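Trainee: need a 3D model of the sequence below.
(one chain, ligands or ions: 2)
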Amino acid sequence: MAPERIGYITRVQSFSACHRLHSPDLSDEENKQVYGKCNNPNGHGHNYKVEVTVRGKIDALTGMVMNLTELKRCIEEVIMIPLDHKNLDQDVPYFGKVVSTTENVAVYIWDHMLQQLPEGLLYEIKIHETDKNIVVYRGE
Ligand SMILES: Nc1nc2c(c(=O)[nH]1)N=C([C@H](O)[C@H](O)COP(=O)(O)OP(=O)(O)OP(=O)(O)O)CN2
Ligand SMILES: [Zn+2]
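Mentor: Residues are numbered from 1 along each chain as shown. Ligands and ions are numbered 1, 2, ... in the order given. All right, here's what the predicted structure looks like:
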């Protein structure tokens, strides 16, 4: 019998959104101190790049961990429809009370991807907020 082989497959998706880093649990002064320019009252924008990675057995029959076309469909549902060209804080109810840091955007994407993907497949969400700021979340 052929050995079981594990593969990692990644699909990359870009989306554009604006936000403001502001915690309802901090005073205005504290918000300014913690978030600096990112607390600007009228917000600022990013072209986010998200890498969604799944990990699983390479199926002997199909040769796939999962069909990338299906991964693309999940990404459309979880990232593009709710987040692209949106004001994260005002258009996405989740961020009404959760600060829209890239860490929390990664958690949002993780939790919603889990609802779309077969159990145990999701491995990592990596978000490039800018060319220099990169966040990784693995569900821990
Ligand atoms: N831990 C986190 N820190 C910060 C986050 C975050 O999501 N998590 N986000 C921001 C801001 O949203 C901000 O837009 C990032 O700005 P900045 O650091 O200026 O971005 P660049 O690295 O591209 O800017 P350079 O001026 O080119 O260095 C802040 N912190
Ligand atoms: Zn920002």
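
Trainee: what's around the residue nearest to Lys97 when sequence neighbours are not counted, how many residues?
Mentor: Of all residues not flanking Lys97 in the chain, Pro24 sits nearest, at 6.6 Å (CB to CB, 6 or more residues apart in numbering). Every C-beta, even on glycine, is put in place using the N, C-alpha and C of the backbone. Pro24 is flanked by 9 other residues according to other CB atoms under 10 Å.

Trainee: near ligand 1, which residues of the chain?
Mentor: 21, 38, 44, 101-103, 129-130, 132-133 (CB under 6 Å from any ligand atom).

Trainee: hmm, back to that, the residue nearest to Lys97 reaches Val98, doesn't it?
Mentor: No. Taking CB atoms under 8 Å as the definition, Pro24 is not a contact partner of Val98, at 9.7 Å.

Trainee: now Glu4: closest residue in space that isn't a chain neighbour?
Mentor: Once flanking residues are discounted, Glu4 sits nearest to Lys57: 5.8 Å by CB to CB, 6+ apart.

Trainee: if we ignore the residues flanking it in sequence, what's nearest the residue of the chain found nearest ligand 1?
Mentor: Residue nearest to ligand 1 within the chain: Thr130 (3.1 Å; CB to the nearest ligand atom). The spatially closest residue to Thr130, leaving aside those adjacent along the chain, is His46, at 6.7 Å (CB to CB, 6+ apart).

Trainee: pairing partners for the strand or helix carrying that neighbour, with directions?
Mentor: Using DSSP states H and E, His46 falls within strand 44-57. In the sheet, strand 44-57 lines up against strand 6-19 (antiparallel), strand 122-128 (antiparallel) (DSSP bridges).

Trainee: just say which of these is most tucked in.
Mentor: Ranked by mean neighbour count, these are led by strand 122-128 with a mean of 19 (mean count of other CB atoms under 10 Å).

Trainee: residues making contact with that strand?
Mentor: Defining contact as CB atoms under 8 Å, 6 or more residues apart in numbering, one finds that strand 122-128 is touched by 8, 48-55, 102, 105-106, 109-110, 113-114, 134-139.

Trainee: alright, calling it a day.
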